[in-house]
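Asks: Got a predicted model here, sequence first, then my questions.
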Amino acid sequence: MSYRVTLLPGDGIGPEVALAMTKCVDATGVAVDWEEVIVGAPAIAKFGTPLPQAAIDSIKKNKVAIKGPIETPIGKGFRSVNVQLRQELDLYACVRPSKYIPGTKTVNQNVDLIIFRENTEDLYAGIEFDLGSDSAKHLIKEINNLSPKKIREDSAISIKPISVFGSERIIRYAFEYAVKNGHKKVSLVHKANIMKYTDGLFLHVGQKIAAEFAGKIAFEDVIVDNMCMQLVQKPELYDVLVLPNLYGDIVSDLCAGLVGGLGIAPGANIGSAAALFEPVHGSAPKYAGKNKVNPTATILSAVMMLRHLGELKAAAALEKAVYDVIKEGKDVTYDLKADRNDPSAVGTQEMAAAICRKLKA
Ligand code: NAD
């Protein structure tokens, strides 16, 4: 049987890491029929939009997709394709494991945690009002009438919606994952001491769901700034983290940094209708087309995809092959060398080829 999977190579370094990943998945022997669709910069050039409807239709049809990163122009131009995809497909859970891989340079080797980030709400919902726009002026007037605290006239505004529905489904997903995968504790991260209504709601929903899992899964809540410090100093205290969207975005990059950088951090966006796997890193435009960057994050995203498909043996074999290559430290990209200028560093495709050789050994 072959699996039909939507492949979105993305732009920048995306096509290179996507190619490396498909070679490794194919080398596991699992038959995948890659349905490639273009998004990002090449789609703008061809169709005038970074997210053609064909891409969304393909993911909806196949229900499983894997993508390379896509550039988001800062402060202008198109809205983030990544945010649009998450919203269009209602991929409400962003799942990002952070685990020490022997052979990588890290500040602390005791990291083995998994992050569940709410993916559809919060300041990331994309509800924004530009400086000087009629809607911003209207909103400022309304809010200044309603609230004792005043917003300055020369403000831009972003809205932070956090709902009971959105909080419940991500927190429940984190608890259910914890039970299913033998985890012991869920830590809910928030700033409810300041944002009493939005983060407060997220916390109260968490406390309610935690009570249902009492005796099976321990629960704690941690304020986000404290959590950042704790993660740097005592990451071994943490197991499963569940966070609203914006904190989840920031804390997952922090955790990627704890375990050897963006080059090795995988991720998944899961919804009830589809699952989209992707590395945590972005399109790193300065390295595009140079066959230089680390393909590990995308290959480990494919390991998560294989597990999602139920291909547990192939997933374990591919993960082991990646770990073995990194541990040996020979056929690895520049970012995994002790000296980033080490001339013995190999390119993206050469590291993928070494992983394929391990799989076949
Ligand atoms: P980035 O992750 O693209 O790159 C930051 C730095 O991290 C790079 O300069 C490089 O030094 C390192 N790095 C990243 N990936 C690496 C890899 N595979 N191997 C080795 N080193 C790697 O972050 P950025 O520069 O902030 O963002 C660039 C663009 O990517 C922006 O337009 C941003 O919006 C977009 N982005 C997209 C996604 C996504 O598609 N999911 C995620 C994050 C950022």
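Replies: Great, that's in hand.
Asks: ok, Ile264 - contacts?
Replies: Ile101, Thr104, Ala256, Asn294, Thr296, Ala297, Leu300, Ile326, Leu336 (Cβ atoms under 8 Å, 6 or more residues apart in numbering). From N, CA and C alone the C-beta is placed, and that goes for glycine too.
Asks: Tell me how many other residues crowd the closest residue to the ligand within the stretch 101-250 of the chain.
Replies: Minimum separation of the stretch 101-250 of the chain from the ligand (Cβ to the nearest ligand atom) falls at Asp249, amounting to 8.9 Å. If you count neighbours by other Cβ atoms under 10 Å, Asp249 ends up with 19.
Asks: Could you pull up the residues touching the closest residue to it other than its chain neighbours?
Replies: Excluding its sequence neighbours, the residue lying closest to Asp249 (Cβ to Cβ, 6 or more residues apart in numbering) is Arg117, at 6.6 Å. For Arg117, the contact set (Cβ under 8 Å, 6+ apart) comprises 93-96, 170, 242-245, 247-249, 252.
Asks: For those residues, give me JSON lines that also has pLDDT and secondary structure.
Replies: Below are those laid out as JSON lines (pLDDT from 0 to 100; DSSP: H, G, I helix; E, B strand; the rest coil):
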{"residue": "Ala93", "pLDDT": "97", "secondary structure": "strand"}
{"residue": "Cys94", "pLDDT": "96", "secondary structure": "strand"}
{"residue": "Val95", "pLDDT": "97", "secondary structure": "strand"}
{"residue": "Arg96", "pLDDT": "95", "secondary structure": "strand"}
{"residue": "Ile170", "pLDDT": "98", "secondary structure": "helix"}
{"residue": "Val242", "pLDDT": "98", "secondary structure": "strand"}
{"residue": "Leu243", "pLDDT": "98", "secondary structure": "strand"}
{"residue": "Pro244", "pLDDT": "98", "secondary structure": "coil"}
{"residue": "Asn245", "pLDDT": "96", "secondary structure": "helix"}
{"residue": "Tyr247", "pLDDT": "97", "secondary structure": "helix"}
{"residue": "Gly248", "pLDDT": "96", "secondary structure": "helix"}
{"residue": "Asp249", "pLDDT": "92", "secondary structure": "helix"}
{"residue": "Ser252", "pLDDT": "91", "secondary structure": "helix"}
